[in-house]
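Asker: one predicted model, sequence on top.
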Amino acid sequence: MSKSLKLYGGSALGMLVLFTAAYNFADRNVAAFPERAPLTGPDPMFEARAPEPANGGLIAAANAEAGGAGMNFGLGREALPEEIAAWDVNIMPDGEGLPEGSGSVLDGETLFSQNCAVCHGEFAEGAGNWPELAGGEGTLADEDPLKTVGSYWPYLSTVWDYVHRSMPYGAAQTLSDDEVYAITAYILYSNFLVEDDFVLSKDNFLEVELPNEDGFIVDDRPETEYPIWRTEPCMENCKEEVEITMRATVLDVTPEDQAAREAREEMAEQGEATEAPAEAEAVAEAATDDAAGEGMQIDMALAEEGEGVYRQCRACHMVGDGAQNRVGPHLNALFGRPLGGVDDFRYSDTMAEMGENGTVWNEETLAEFLVKPRDYVPGTKMSFNGLRSDEDVAAVIEYLKTHQEN
């Protein structure tokens with residue numbers, strides 16, 4: 001016992017002194033918690049901080065119900081008009097909620113380039129894995145439809161509302177009403193739904209009809225599909241065979257570091273060079289022979305450089321076997337073709353008139369166009385600002401020559 005007292009006696013005495021000092025401090029300096037009235041009537045403490053709202057909202061209803069039971073929660077306060085206005089940003093299909101304002105396609109092009117193009121591309125064609133806003137006409141019945149403003153969205157109000165409410169990414173609701181009108185007008189233009197001189201405003205908003213306005217039906221899944229889904233689930237041996245059909249890196253949904261990407265691309269290039277060098281040479285010779293038959297000589301080294309430069313054009317213009325019109329017309333067999341010469345593509349009025357007056361695409365006209373498209377064809381629908389150097393222009397022209405026979 002004496003050993004225990006020696007070991008722990010001092011510690012126990014110290015703790016007793018500490019607790020006594022703490023109690024004295026709290027007794028002198030900490031206010032006592034007020035006594036609360038039982039919840040059988042109005043609560044003075046809550047009422048002093050937040051009087052019961054006088055409106056018929058949810059909070060008032062909750063307090064009224066509590067009062068009927070002999071209690072008062074005293075929750076919240078009446079919302080201020082400016083708070084309601086800040087929350088109520090919905091734009092309805094009939095135009096209700098639209099603010100005064102207007103914006104042109106030309107202004108929208110600049111604003112779109114500054115605020116939206118980093119994700120959605122300069123021509124609303126999408127960048128990387130970010131969504132396209134233009135194109136996709138006639139794809140809704142496909143296995144993998146392209147859902148854009150021009151192909152899928154039913155009402156223009158949803159376009160305006162989403163841009164106003166949520167864009168640009170990371171800086172939502174920083175655009176003015178006029179800027180939202182202008183960007184919406186440019187998105188319409190990118191889908192060939194309006195002309196380049198169009199100005200969107202509250203007054204003509206309802207005059208714009210999106211192509212898929214009649215493409216939506218009443219959701220009947222609770223009656224037609226839910227009973228199918230809510231059957232007893234299969235928990236084992238549900239499929240005879242399981243196999244991998246695609247890998248994430250191929251689908252471009254799983255990022256890989258730069259070193260791994262370069263190594264994979266280098267291996268692919270080495271494999272192609274080892275497996276079929278003769279075939280590649282034959283293709284190059286055939287392209288040269290085909291173009292020579294059209295009276296053109298091709299610098300294949302320059303054409304190879306042009307293929308790299310042309311990557312910034314591919315989002316809108318396809319070339320090669322099976323090329324089709326996209327945001328812009330295909331560029332197969334371009335040389336000698338009149339401006340505006342693809343029958344099933346809708347050109348600007350100026351380009352169509354130039355073609356009707358005898359202007360054709362050749363090295364000279366194409367070079368002038370690629371430097372400053374809008375100077376050469378005023379009013380062109382192509383919003384690309386032009387190639388930066390004469391070397392890039394020459395390389396792209398040389399590359400397009402290789403597709404003269406497609």
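Answerer: On my side now, so go ahead. Numbers count the residues shown, from 1 in each chain.
Asker: mind listing what's buried in stretch 138-149?
Answerer: For stretch 138-149, burial by neighbour count (16 or more other C-beta atoms under 10 Å) applies to 146, 148, 149. Bear in mind the C-beta positions are built from the backbone N, C-alpha and C, glycine included.
Asker: of these, which is the nearest to residue 378?
Answerer: Checking those against residue 378 with C-beta to C-beta, the nearest one is residue 149 at 26.2 Å.
Asker: list the contacts of that closest one.
Answerer: Residue 149 sits next to 124, 133, 134, 159, 187, 188, 191, 210 when contact means C-beta atoms under 8 Å, 6 or more residues apart in numbering.
Asker: the third one against residue 187, yeah?
Answerer: It refers to residue 134. Yes - look at residue 134 against residue 187 with C-beta atoms under 8 Å: they come within range, at 7.2 Å.
Asker: mind listing the shared neighbours of these two?
Answerer: Counting by C-beta under 8 Å, 6+ apart, the residues touching both residue 134 and residue 187 are 124, 149.
Asker: tell me which stretches of the stretch 301-406 of the chain form helices.
Answerer: Taking DSSP state H, counting those that start in this stretch, the helices of the stretch 301-406 of the chain run over residues 349-356, 363-371, 373-376, 390-401.
Asker: looking at the ones you listed, which one is packed in the most?
Answerer: Across the helices of the stretch 301-406 of the chain, averaging neighbours per residue (mean count of other C-beta atoms under 10 Å) puts helix 390-401 on top, at a mean of 21.
Asker: least trustworthy helix or strand in this structure by mean pLDDT?
Answerer: For the chain, counting by mean pLDDT, DSSP states H and E, helix 44-49 ranks last in confidence among helices and strands (a mean of 41).
Asker: ok, residue 324 touching residue 318?
Answerer: Yes - assessed by C-beta under 8 Å, residue 324 is found in contact with residue 318 at 5.8 Å.
Asker: spit out the residues that contact these two alike.
Answerer: By the contact definition C-beta under 8 Å, 6+ apart, residue 324 and residue 318 are jointly contacted by residue 330.
Asker: in terms of neighbours, single out the busier of those two.
Answerer: residue 318 (20 against 10; other C-beta atoms under 10 Å).
Asker: pLDDT weak spots in the stretch 51-200 of the chain?
Answerer: For the stretch 51-200 of the chain, applying pLDDT under 70 flags the ranges 51-73.
Asker: looking at the contacts of residue 149, which is nearest residue 235?
Answerer: Using C-beta to C-beta, residue 133 comes nearest to residue 235 of the contacts of residue 149, at 42.6 Å.
Asker: give me the subset of the contacts of residue 149 lying in helices.
Answerer: Among these, the members falling in helices (DSSP state H) are 159, 187, 188.
Asker: could you dump these into CSV with distance to residue 334 and neighbour count added?
Answerer: CSV is the format used below for the ones in helices among the contacts of residue 149 (distance: C-beta to C-beta, whole Å; neighbours: other C-beta atoms under 10 Å):
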residue, distance to residue 334, neighbour count
159, 34, 20
187, 28, 28
188, 28, 24
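Asker: so where do the strands sit in the stretch 1-150 of the chain?
Answerer: With DSSP state E, counting those that start in this stretch, the ranges of strands along the stretch 1-150 of the chain come out as 102-104.
Asker: which stretches of it form helices?
Answerer: With DSSP H, counting those that start in this stretch as the criterion, the stretch 1-150 of the chain has helices at 2-29, 44-49, 58-68, 81-87, 105-115, 117-120.
Asker: now the last one: buried residues?
Answerer: It refers to helix 117-120. Across helix 117-120, burial judged by 16+ other C-beta under 10 Å covers 117, 119, 120.
Asker: using CSV, write down the CA coordinates of it.
Answerer: Taking Å, rounded to 0.1, in the frame of the first residue of the first chain, the C-alpha atoms of helix 117-120 are listed here in CSV:
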residue,chain,number,x,y,z
ALA,A,117,-14.3,26.9,-77.5
VAL,A,118,-11.8,25.4,-75.1
CYS,A,119,-14.3,22.7,-74.3
HIS,A,120,-16.8,22.7,-77.2
